[in-house]
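[1] requesting a structural model of the entry that follows:
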Amino acid sequence: MRIFLAVFPPEAVQGAVFAAAGALKRAGDGVSWVKRENLHYTLRFMGELGADGARRVGEAADVAAAGAAFTAALGPLGAFPNARRARVLWAGMTEGAERLTALARALEAALVRNGFDQADHPFSAHLTIGRVRDPRADWTERLEAVRVDPAAARFTVDRMCVMESRLSPKGSTYTVRHEARLSGG
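    Alright, predicted model coming up:
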């Protein structure tokens with residue numbers, strides 16, 4: 001199974017991000033937009049694992065979840081590698097990024113202790129909203145003009161999920177395989 005670990009904002013926050021993504025959309029923009037219910041912060045992508053590997057990932061998540069729940073808030077929109085040659089469109093964080101990064105580091109350490117390889121690249125707190133198929137368009141003006149509604153952007157990070165991802169022509173379908181609740185969450 002294809003496994004990743006993630007934090008999912010509540011539906012209201014997903015809705016605020018989805019509305020912002022909707023304001024970015026233009027016909028023929030060549031973007032594969034993430035479905036509302038799939039909007040999440042990836043803490044670590046694990047790839048293909050068997051049942052034992054998925055179980056060990058869940059154990060590592062439980063260890064990493066020893067920290068306290070915390071408040072986070074979605075922030076400005078951006079792009080990787082940059083707005084002029086965008087490949088990935090994302091929403092950042094204005095609050096909680098340091099705590100989310102600390103959670104990702106604790107998770108990484110627990111995964112390594114459970115026999116998994118170190119991640120290939122460092123964690124970056126971002127929520128992917130779309131993948132650009134043709135990076136020739138400049139997204140700078142659109143990204144600067146659209147904001148996530150700040151009143152709907154705050155949420156409590158109180159759990160992380162071990163997710164199974166199934167790919168299909170209609171997009172990815174996610175199934176929760178394990179949930180690790182942060183203390184106080």
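[2] wait, residue 102 sits on residue 68?
    No. At 10.7 Å, residue 102 and residue 68 do not qualify as touching, with contact defined as Cβ atoms under 8 Å. Every C-beta, even on glycine, is put in place using the N, C-alpha and C of the backbone.
[3] endpoints of stretch 42-56, how far apart?
    From its first residue to its last, stretch 42-56 covers 18 Å (Cα to Cα, to the nearest Å).
[4] identify the residues contacting the residue nearest to residue 140 when sequence neighbours are not counted.
    Nearest residue to residue 140, sequence neighbours excluded (Cβ to Cβ, 6 or more residues apart in numbering): residue 83, at 4.1 Å. By Cβ atoms under 8 Å, 6 or more residues apart in numbering, the contact list for residue 83 reads 138, 139, 140, 143.
[5] between those residues, which is nearest residue 2?
    Of all the contacts of residue 83, residue 2 sits closest to residue 139, with 28.5 Å by Cβ to Cβ.
[6] how close does the closest one get to residue 146?
    10 Å (Cβ to Cβ, to the nearest Å).
[7] cool, residue 138 as well?
    15 Å.
[8] could you list the low-confidence segments of the chain?
    For the chain, applying pLDDT under 70 flags the ranges 184-185.
[9] need the longest helix for it.
    helix 97-113 (DSSP state H).
[10] show me what that one is packed against.
    strand 2-7, strand 41-48, helix 51-64, strand 70-80, strand 154-157 (3 or more Cβ pairs under 8 Å, 6 or more residues apart in numbering; DSSP states H and E).
[11] can you list contacts of the helix or strand that that helix is followed by?
    Next helix or strand after helix 97-113 toward the C-terminus (DSSP states H and E): strand 127-132. Contact partners of strand 127-132, identified using Cβ under 8 Å, 6+ apart, comprise 9, 17, 20-21, 24, 29-34, 39-42, 74, 77, 79, 86-92, 139.
[12] residues of the following helix or strand past strand 127-132 that come out buried?
    Where DSSP H and E defines the elements, the next helix or strand beyond strand 127-132 is helix 140-145. By neighbour count on 16 or more other Cβ atoms under 10 Å, the buried set for helix 140-145 is 142, 143.
[13] so for residue 170, which of the helices and strands packed on helix 97-113 sits nearest?
    strand 2-7 (15.9 Å).
[14] what packs against that closest one?
    strand 41-48, helix 51-64, helix 97-113, strand 159-166.
[15] kindly recompute the last result at 7 Å.
    strand 41-48, helix 51-64, strand 159-166 (3 or more Cβ pairs under 7 Å, 6 or more residues apart in numbering; DSSP states H and E).
[16] perfect, I'm done here.
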